[in-house]
Structures are given as structure tokens and as C-alpha cells.
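>>> What shape does this take:
(chains A and B)
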Amino acid sequence: MNRRQAQETLLLYRPGTADALDPAFKEALEIAHRHNELARWLKNHCANHKIVRGALKQIQIPAGFKEQILSERPPLATSPWKKRALVSMSATFALFFGVILFWQMNTKENDSAFRNRMVSTALRSYGMDLETADLNKILAFLAEQNAPAEIQLPGKLHGLQPTGCVVLRWQNQPVSMICFRSGRPLSPGETSDVFLFIVEKSFKKDAPQSVPTIQKVNRLMTASWSEGDKSFLLATPGSQSYVKELL
Amino acid sequence: MSSDLEFESVVARFYESLYQFAFSLAGTESDACDLTQQAFYVWATKGHQLRDGTKVKAWLFTTLHRTFLETRRKQTRFPHQELDEMVLETLEVAPALTSQMDCSYVLKSLRCLDQAYQAPLALFYLEDYSYKEIAEILEIPIGTVKSRLARGIGQLQNILARDIRESEGTNE
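Next up, the predicted model:
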């Protein structure tokens, strides 16, 4: 290995890792120690590596993210050996129990998971199924799609300008997402900043109470409540007091 | 150990490093959250198919990277590339960066690079994977990993050094 080849090799060298045990790096490091210029280059390279690595390691994990992942956990798949063990048990009982359990796991999702999923949808780019400022057209469209549409908008939401709607799926059931513009300044590329999600109450085993529960999720403040046969979730950037004003 | 506890354990061990990798690729908190959550979702539904328990982390990284590529609709296979003269030129200089460089500055520069270099570089700096492991995670040949890393490091250092020179020039 000549000096040039050693430098090429050392470009991929990471100080403080198992790279130092690799024979190719070892040889290149020995050559670098014999050449002053290459040694200086290597010193800079190692310092740069530590700085870039240190900077990337500063990426902050959002607060409560682990809990969010756990709350959105889907039903866990069963490994093949566990399946065989189950089959060896009483077949009728196991099948019956399995069907009941599977059904429960697929239908029982908590309100927190619903909030997280809907907020996540609102925060990322979503395509409007219908763009209009006419609330009647939005409700008619949602009804055509068999999504929840027979609703009374709460409080000050009436005063906001609708921008459109999306039909989402949650646990294989339709969810209506109606978007509004509050009149506050919007970020570039955004057309809406208030989102109302509606789902049939019967689809949620732990549907919220009639008194709204307010909670911050990710960057949005949310309020969830039930009224009649529907469950509602309101999400918007802003404070608790702003959300209360809208209800 | 129940499956629930296994899932919680896997999440607790790897969610931070997966999120950092996702953020370095996607650049926004919401996209990084989505990518990380999707990786764990796939783990919950298909993870039992993985026989080798020591490869859970690499499996999650691969899944996350695949999801990222799908979302970006990057289906083009990049050809294997050897080091060329352009890379060799970058070997001439290893500009001294400043220790004041913060995360957003480096991430901004990382995203200025060709997209093919971003994932290998993120794994290179964030994790201590061997080049063979990076190749397995990204599902590309090891030679391609090395050439992309060499090009990527050179480009990144040049971008950072140029920005530092420009900011120093502005301050003077």
C-alpha cells in the first residue's frame, strides 16, 4: 500500500470504532504515522469525523415519542412455533379463543392511539378528496362516501372557513376529516390549520366522554369528545385556551 | 417473555437511533416519526419471521430505509461506482471544521448531498456498523457503499468548509 492508497483507505476510517482492528485500516494507519503530511490530514479527518458525528447525535427525540409508538402498536403477529403449540391444545377451544382474541385485538384501540394517528395525518402532507369552502358540499360529499356526515359543528368552528375534506380509514372504518382555515398566519404550503375528525362512536370501545379532553399531541393541541353517536377530535396548532374557544 | 414485553423492549432499545437515522434522511420531525413508527409497525406484524435475534436492529434500519425509498419513489438502482478522479481530488484537503458546528447546520449540509449518499453517510456517522453491515442494511454491494461514502464524505466536508469560509467572510 502506498501513501495515496493509504489516504484513500483512511477516508473511510472512523476513530474510536472497531475500524482500527481492520487489517487494511491498520496498515494505512501505520503508513500515516510515517508521513507527516498524511498524519496531519488524518488528524483533521478524525477531528472532522467527531464533529459531524457529535452534531448528528444531537438530533432530539420528540418528547413522548416512545409512548406514541407503543400506543400505536398493531396486533402482534404470532410466531410459527407458538402457532403449532396452540394447535396442539384443545382445537375447538383454541380456535374459539383465538377468534375472540383476534377480534378484540383488532377492534380495541384506545383514544390515545386514535389521536396520535389523526394528528400524524394532519401534520404530514395529505391530499384533499374535496376542496371547497362550502360546508354543505363537504357534508354531502362525506355522506356519499359513507363517512360520518350528520353532525353539528361545535361553537366557533361555524365561524371558520372550511377548506375541504378527506375520508380516512381507522380500524377499517371511515373517518371524516374536515379542514378549516382559522385566519391566523399559515406556514408556507399549508392551506388549513384546524382539523376536525369524526368517527362513529360505536367503532371506538373507549370513546371519549361528552366533556372534551384537551391534550397536546406532537405539535398540535387536541380536544376529543363524544356527542350523540359520533366521536370528535379537534386538532390545531395553538394553546389550550384557543382550542377551548373553538368548542 | 410475552410478545407485548418483547415489542416494548425492542422499541425501548432502538427507537432513538432509528429516529435519528430517519431524521437525517427525511429532515422533518413528522416524517421521521412516521418512518420510525412504520418500521416498528412492520416489526410488530412481520418481525417474528426474523430468525436471528441479533439482527433486529439491522432489520429495523433496513425496513425504515425501504420505507423512506418508497415514500420518495426512488426506485432507480444506482450502479456500482469505483473511486474516480473527482473523489481523489477531495482527498487533497481535509478542511478543519469548527467544533461550534451544530446539528441543524450539519443536517442542512447533509441534505445538500446527492440523495444516494445520504443514507450511507447517516449510518456511517450515527452508528458503528461495519461497511458490510451498512451494505446489508441498504441492500447494495459493499463496493458501492464504500464509493458512496468516499464521495459523500468529500462532498460533505467541502460543503461544510465552504459554508464556514462564507460565514467567516460575512463576519469580517
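
>>> and the helix or strand containing B:Gln118, which residues are buried?
Under the criterion DSSP states H and E, the helix or strand holding B:Gln118 is helix B:115-126. Residues B:Ala116, B:Tyr117, B:Gln118, B:Ala119, B:Pro120, B:Leu121, B:Ala122, B:Leu123, B:Phe124, B:Tyr125, B:Leu126 are the ones in helix B:115-126 that count as buried (16 or more other Cβ atoms under 10 Å in any protein chain shown). Quick note: C-beta positions are derived from backbone N, CA and C, even for glycine.

>>> ditto for stretch B:61-75
Neighbour-count burial for stretch B:61-75 flags B:Phe61, B:Thr62, B:Thr63, B:Leu64, B:His65, B:Arg66, B:Thr67, B:Phe68, B:Leu69 (criterion: 16+ other Cβ under 10 Å).

>>> Reformat the buried residues of helix B:115-126 into TSV and put distance to chain A and pLDDT next to each item.
Output for the buried residues of helix B:115-126, formatted as TSV (distance: Cβ to the nearest Cβ, whole Å; pLDDT from 0 to 100):
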residue	distance to chain A	pLDDT
B:Ala116	16	87
B:Tyr117	13	90
B:Gln118	12	91
B:Ala119	13	93
B:Pro120	10	93
B:Leu121	9	92
B:Ala122	7	92
B:Leu123	11	93
B:Phe124	7	92
B:Tyr125	5	91
B:Leu126	5	89
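
>>> Let me know how buried A:Gln145 is, in neighbour terms.
Neighbour count for A:Gln145, taken as other Cβ atoms under 10 Å in any protein chain shown: 16.

>>> So what touches the helix holding B:Gln118?
Applying Cβ atoms under 8 Å, 6 or more residues apart in numbering or on different chains, the contact partners of helix B:115-126 are A:12, A:14, A:49, A:52-53, A:56-57, B:17, B:20-21, B:24-25, B:61, B:65, B:68, B:72, B:74, B:78, B:110-111, B:113, B:129, B:134, B:137-138, B:145, B:148-149, B:151-153, B:155-156.

>>> For ChimeraX, what selects the buried ones among the residues you listed?
Those of these that count as buried under 16+ other Cβ under 10 Å are selected in ChimeraX with:
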select /A:12,14,49,52,53,56 /B:17,20,21,24,25,61,65,68,110,113,129,134,137,138,145,148,149,151,152,153,155,156
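
>>> so when I look at B:Ser30, I'm seeing a helix, right?
Yes - B:Ser30: assigned to a helix according to DSSP: H, G, I helix; E, B strand; the rest coil.

>>> Count the residues that sit near it.
Using other Cβ under 10 Å, B:Ser30 has 18 other residues around it.

>>> Which pLDDT does the model give it?
Looking at B:Ser30, its pLDDT is 80.

>>> which residues touch it?
A:Ser120, A:Leu123, A:Arg124, A:Asn218, A:Arg219.

>>> Mark which of the residues you listed are part of helices, please.
Those of these mapping onto helices are A:Ser120, A:Leu123, per DSSP state H.

>>> most distant residue from the middle of chain A?
A:Arg34 (52.3 Å; Cα atoms, centre = their mean).

>>> quick one: buried residues of stretch A:56-70?
A:Leu56, A:Ile59, A:Ile61, A:Pro62, A:Phe65, A:Lys66, A:Gln68, A:Ile69, A:Leu70.

>>> got a markdown table for those, with distance to A:Glu144 too?
Listed next are the buried residues of stretch A:56-70 as a markdown table, based on distance: Cβ to Cβ, whole Å:
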| residue | distance to A:Glu144 |
| --- | --- |
| A:Leu56 | 48 |
| A:Ile59 | 44 |
| A:Ile61 | 42 |
| A:Pro62 | 37 |
| A:Phe65 | 37 |
| A:Lys66 | 40 |
| A:Gln68 | 33 |
| A:Ile69 | 36 |
| A:Leu70 | 37 |
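
>>> okay, how far is it across stretch B:46-56, tip to tip?
Counting by Cα to Cα, to the nearest Å, you get 12 Å between the two ends of stretch B:46-56.

>>> Buried by neighbour count: which residues of that stretch qualify?
Neighbour counts over stretch B:46-56 (16+ other Cβ under 10 Å) mark B:Gly47, B:His48, B:Val56 as buried.

>>> So which of those are in helices?
Residues from those lying in helices, with DSSP H as the criterion: B:Val56.

>>> Export the buried residues of stretch B:46-56 as a markdown table, with columns for pLDDT.
Formatted as a markdown table, those follow (pLDDT from 0 to 100):
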| residue | pLDDT |
| --- | --- |
| B:Gly47 | 80 |
| B:His48 | 77 |
| B:Val56 | 90 |
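
>>> Going by distance to chain A, which of the buried residues of stretch B:46-56 wins?
Within the buried residues of stretch B:46-56, proximity to chain A (Cβ to the nearest Cβ) peaks at B:His48, which comes in at 3.8 Å.

>>> From B:Val56, how far off is the closest one?
For B:His48, the distance to B:Val56 equals 11 Å [Cβ to Cβ, to the nearest Å].

>>> And the contacts of the one helix or strand A:Leu168 maps to?
Assessed by DSSP H and E, A:Leu168 sits inside strand A:161-170. Residues outside strand A:161-170 that contact it (Cβ under 8 Å, 6+ apart): A:109, A:114, A:117-118, A:121, A:126-135, A:138, A:141-142, A:145, A:147, A:174-181, A:183, A:191-192, A:197, A:199, A:203.

>>> Check which residues of it are buried.
So, applying 16+ other Cβ under 10 Å, buried residues of strand A:161-170: A:Pro162, A:Thr163, A:Gly164, A:Cys165, A:Val166, A:Val167, A:Leu168, A:Trp170.

>>> Packing partners of the helix or strand harbouring A:Ser241?
Element membership for A:Ser241 (DSSP H and E) is helix A:240-246. In terms of contacts (3 or more Cβ pairs under 8 Å, 6 or more residues apart in numbering or on different chains; DSSP states H and E), helix A:240-246 is packed against strand A:213-217, strand A:220-227, strand A:230-236.
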